[in-house]
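Q: mind folding the following:
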Amino acid sequence: MKGTKLYSIFTGTCPVCQEESMYQEKNPYKLNKIYEMKENCSNCGTKYKIEPSFFYGAMYVSYGLGVAIAVASFIIAHYFIGLSKLNSFFAIIGVLVVTMPLNMRMARNIWINFFFNYDKNKAKS
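A: Below is the predicted model:
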């Protein structure tokens, strides 16, 4: 799967060479380091922040992911588990809170992959 945008999105690796993580801390649940990213890829030199406030666009992606998670949570809680609408609402809130760090990282990964493509010449062989 290496060499695809999905690989970079799900692993959080450099979108150009896919050799190293873009983040200082791989665990998104270490909340005090959730936004800390490396400046450049040490393998291919790709600069992750193309411009100041580059990742503001990831907020729109995060919103879409959040809506998808909320809809999926409601369907599972209400239709498959059989919770009432009120309890399904509480399930949605719980799932959104628990998945917030993953949502934020995934939104950033998706956003940066809009602007960079994999280059097999820059990847380690």
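Q: measure the residue lying farthest from the centre of the chain to Lys49 for me?
A: For the chain, the C-alpha lying farthest from the average C-alpha position belongs to Ser84; by Cα atoms, centre = their mean, that distance is 30.8 Å. With the distance defined as Cβ to Cβ, to the nearest Å, Ser84 ends up 45 Å from Lys49. Just so you know, the C-beta spots here come from the backbone N, C-alpha and C atoms, and that holds for glycine as well.
Q: just want the most central residue of the chain.
A: Centroid-nearest residue in the chain: Met106, 0.8 Å away (criterion: Cα atoms, centre = their mean).
Q: what about that residue, helix or strand, and which?
A: Taking DSSP states H and E as the criterion, Met106 maps to helix 85-113.
Q: quick check, Asp119 in contact with Gln18.
A: No - using Cβ atoms under 8 Å, Asp119 is not in contact with Gln18; the gap is 9.4 Å.
Q: neighbour count: those two, which is higher?
A: Neighbours were tallied for Asp119 and for Gln18 using other Cβ atoms under 10 Å; the higher tally belongs to Gln18 (24 against 14).
Q: and that one, which of the three is it?
A: At Gln18 the chain is in coil, as set by DSSP: H, G, I helix; E, B strand; the rest coil.
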